[in-house]
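Trainee: Sharing a model prediction with you, sequence too.
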Amino acid sequence: MECLERILIEDAKKRLGEQVRISGWVNRTRDIGSLKFVVLRDLSGDIQITVKPDNPVSQILTDLKLGREDVVEITGRVEASQIAHARVEVLPESLKLLNRSKQPLPLDVSGNTKAELDTRLNFRFLDFRTPRTSSIFKIQHVILSSFREFLTNKGFMEIQPPCIIASASEGGAELFKIPYFEKEAYLAQSPQLYKQMCAISFEKVFMVVPIWRAEKFNTPTHLNEVRQMDVEQAFADDEAVMKLLEEALVHIIKNVKEKNSKELQILGRNIEIPKTPLRRLTYTDAVELLTSRGEEFRWGDDFSKPQEKMIAEMVKDEAFFIKNWPSDQKAFYAMPYKDNPNIVHAFDLLYNGIEISSGTQRIHLPELLVERLKIKGLNPDDFSHYVECFSYGAPPHSGWSIGLERLTMTITGMNNIRECCMFPRDRDRLVP
RNA sequence: GCCCUGGUAGUAUAGUCCGGUUUAGUAUGCUCGGCUGUCACCCGAGCGAUCCCGGGUUCAAAUCCCGGCCAGGGCGCCA
C-alpha cells in the first residue's frame, strides 16, 4: 500500500473501485454519531471520505479530532455512491495526520463567512485556499502562459531586463530610490529602454517584468508594484503592434474561457471574446464624443476617470483603442506624425472601461529624438546613452505593455486591483 | 494630498443618530456532549470583545467632541 503514488482528487474520482492514495486539507468534518465524514481538498478539488463505524479509521478519527485545514494523507477505495451528492466517495483504509492547523482559523476558508479584503491580505496564504481567490490566480496563470505562448508562437523571444536602474531622468513618475554601494540607484518604473535595445537587435521580444512607481496613490486600480507584459517589435509601426495586441488579447481571453471554465463559474463571470479588429477611436474622436455630451473639454488634456468611463459607455464595445494622442500626453520617445507633430503614433487599449495597455511607435532616429527631448523641456545630455542606441542602425520599432493585474481584474470582474495581486504593495501595505 | 464612510469576540455583523436594564445582541468559528448517510448536517451546553489608540465633555461614553492610526469608496497624482 505504501508504494501507491499520491494522485489528485479529481483523478481519484475517475478511478471507481480502485485503491488510491490522496492527500490534502480537511475542508470540514461531519460527525453523525458513529458515522463520520471528512471533506478532503487538494489543488484539484474535494471529495468526501466516508467512515463507517466498523472501519478501523473511525477510531483514528475519534482520537485525532480533525479540525479545519489539518493536513492528512488517506489511502482507500473510491466508490460510487447513490447518497453522496458528488456521487462518489472514498472509503478509507488508513489515515495519517501530516500536520495540524491552529484553531480557530483567522478566516473562513470555505468562503461562507466573508472576510474583508484587508483581513484576507493579512492572511493571504489562507485566502489562497478559498474558491474565489484560488480561481483568480488560476486564471492569472492562464493569462500569463497564454501571453508567453502567443508571442513565442509568433517568433518572439523572451528577454530579461534589469529591475535596478541608474537613472531617473525620464521624468514623470516618481521612482523608488535605493542605496547601491557607493551610488544611488532606482527601481525601474518601466523596462522601456531595455526592451528597445533588445528589439533593435533581436527584432521581436517580449518580457514579463515587475515595475515600481513611488506615487502616493490610493485607488482601486493602482499599486506601487505591478507586473507588466511587454512587447517590442522592430520593423513595425503602431498599427502593426496594435494588431498584435488585439490578437494577443483575444488569444488570452479565448484560452481563459477554455481552460478556466470552472474558475469563471465560481466567480460568476461570463466573458465575451472581443471581435477583431477592435474599434480604433482617435483621441479627437473621443474628445468629440465627450463634447457632444456637453462635457467641457480642452483638446490636449488627458481624460479624467469619469470621462474615460463616459467614453467607454458611449462606444459600447467591451474593448477598443484610443489612438493618435496629443504629444503632450505621451512620452518624448513617441513618434510624431510627419504632417502634424502635435499628434503622436500612440494608443491606449481600454477593456471594460479601464486602461489595460498602452503603446507607441518609438522614435528610432537620433536627431529627431534629440529634437523631441528639447521640445519636452528635457536635457538631451541626460539621455545620451539612450539616444546613442539608435545611432548604429536602429530599425523603426513599436511596442506596448499590458498591466497583468489590471487585465486580471477585468477578466475576473474584480473592482479592486489588490484582489488580483498575490502580495500587493500599496501606500500602506508592505507585508506579507 | 483632498472629500465621504467606517473601525464592536477568530471572522462577519447589530447596537451609535437621540449617552443610562447592554450582564454589548446575532451568525459563523472554537471547546465539550449527543446522534448510522450527512453534505454550510442537526440538537444541547460552554468559550471568546480593555467596543482601534490618545485626549476631552459628562454624575455616566461603544455611543457626543478633538487628534492620530488603519480600512473601504470617490477624486487627484500616475511620461
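Mentor: Structure's in. What do you need?

Trainee: What helix or strand is A:Ile136 located in?
Mentor: Assigned by DSSP states H and E, A:Ile136 falls within helix A:131-153.

Trainee: Ok, A:Ala346 next?
Mentor: Secondary structure from DSSP H and E places A:Ala346 in strand A:343-351.

Trainee: Could you give me the buried positions within the following helix or strand past that strand?
Mentor: Sequence order places strand A:354-361 as the next helix or strand after strand A:343-351, per DSSP H and E. Neighbour counts over strand A:354-361 (16 or more other CB atoms under 10 Å) mark A:Ile354, A:Glu355, A:Ile356, A:Ser357, A:Ser358, A:Gly359, A:Thr360, A:Gln361 as buried. The C-beta positions use only the backbone N, C-alpha and C, and glycine is treated the same way.

Trainee: do the same with stretch A:228-248
Mentor: Across stretch A:228-248, burial judged by 16+ other CB under 10 Å covers A:228-234, A:236, A:238-239, A:241-242, A:244-246, A:248.

Trainee: can you check stretch A:149-160 too?
Mentor: Within stretch A:149-160, the residues scored as buried using 16+ other CB under 10 Å are A:Phe150, A:Leu151, A:Phe156, A:Ile159.

Trainee: from the buried residues of strand A:354-361, which is closest to A:Trp212?
Mentor: The nearest member of the buried residues of strand A:354-361 to A:Trp212, counting by CB to CB, is A:Ser358 at 17.7 Å.

Trainee: So what's the residue count around the nearest residue in space to that closest one that is not next to it in sequence?
Mentor: Leaving out its chain neighbours, the residue that sits closest to A:Ser358 by CB to CB, 6 or more residues apart in numbering is A:Asp348, at 4.6 Å. Each residue near A:Asp348 was counted by other CB atoms under 10 Å, and the total is 22.

Trainee: From the chain's centre, how far out is the strand holding A:Ala346? Work that out for me.
Mentor: 21 Å (CA atoms, centre = their mean, to the nearest Å).

Trainee: Check whether that strand comes near RNA strand B.
Mentor: No: applying CB under 7 Å from any atom of the strand, one finds that strand A:343-351 is not in contact with RNA strand B, the shortest distance being 8.6 Å.

Trainee: Ok, stretch A:414-430 next?
Mentor: Yes: using CB under 7 Å from any atom of the strand, stretch A:414-430 reaches RNA strand B at A:Asn415, A:Asn416, A:Arg418, A:Asp426, A:Arg427, A:Asp428, A:Arg429.

Trainee: my guess is A:Pro191 meets A:Arg227, correct?
Mentor: No: with contact defined as CB atoms under 8 Å, A:Pro191 does not count as touching A:Arg227 (11.1 Å).

Trainee: which of the residues of stretch A:414-430 next to RNA strand B sit farthest apart?
Mentor: Of all pairs in these, the most separated under CB to CB is A:Asn415 and A:Asp428 at 19.2 Å.

Trainee: Confirm that A:Asn255 sits in a strand.
Mentor: No: A:Asn255 is assigned helix when assessed by DSSP: H, G, I helix; E, B strand; the rest coil, not a strand.

Trainee: State whether it and A:Leu144 are indeed in contact, as I suppose.
Mentor: No: if you go by CB under 8 Å, A:Asn255 and A:Leu144 don't touch, sitting 10.5 Å apart.

Trainee: State the helix or strand in which A:Leu98 lies.
Mentor: Using DSSP H and E, A:Leu98 maps to strand A:88-99.

Trainee: Partner strands of that strand, with direction?
Mentor: Strand A:88-99 has the following sheet partners, assigned by DSSP bridges: strand A:45-51 (parallel), strand A:71-80 (antiparallel).

Trainee: Looking at the ones you listed, which is nearest to RNA strand B?
Mentor: strand A:45-51 (4.6 Å; CB to the nearest atom of the strand).

Trainee: Packing partners of the helix or strand hosting A:Gln265?
Mentor: For A:Gln265, the enclosing helix or strand under DSSP H and E is helix A:261-266. Using 3 or more CB pairs under 8 Å, 6 or more residues apart in numbering; DSSP states H and E, the elements in contact with helix A:261-266 are helix A:131-153.

Trainee: Tell me which helix or strand comes right after the lengthiest strand in chain A.
Mentor: In chain A, with assignment by DSSP state E, the single longest strand is strand A:19-32. Going down the chain from strand A:19-32, the next helix or strand is strand A:35-42, by DSSP H and E.

Trainee: That following strand and RNA strand B, any residue contact?
Mentor: Yes: Strand A:35-42 lies within reach of RNA strand B by CB under 7 Å from any atom of the strand, at A:Leu35, A:Phe37, A:Val39.

Trainee: swap in stretch A:65-85?
Mentor: Yes: with CB under 7 Å from any atom of the strand as the criterion, RNA strand B is reached by stretch A:65-85 at A:Lys65, A:Gly67, A:Arg68, A:Ser81, A:Ile83, A:Ala84, A:His85.

Trainee: Leaving out sequence neighbours, find the closest residue to the fourth one.
Mentor: This means A:Ser81. Sequence neighbours aside, A:Glu89 is the residue nearest to A:Ser81 in space, at 4.7 Å (criterion: CB to CB, 6+ apart).

Trainee: thinking that neighbour is in contact with A:Val51, fair?
Mentor: No: with contacts counted by CB under 8 Å, A:Glu89 stays clear of A:Val51, the gap being 10.0 Å.

Trainee: quick one, which of those two is more surrounded?
Mentor: A direct count of neighbours by other CB under 10 Å for A:Glu89 and A:Val51 places A:Val51 higher, at 25 against 21.

Trainee: Mind pulling up the pLDDT for the more buried one?
Mentor: Among the per-residue scores, A:Val51 holds a pLDDT of 96.

Trainee: Make sure I have this right: A:Thr284 is in a helix.
Mentor: Yes: counting by three-state DSSP, A:Thr284 falls inside a helix.

Trainee: What is the neighbour count of it?
Mentor: By the criterion of other CB under 10 Å, A:Thr284 has 14 neighbours.
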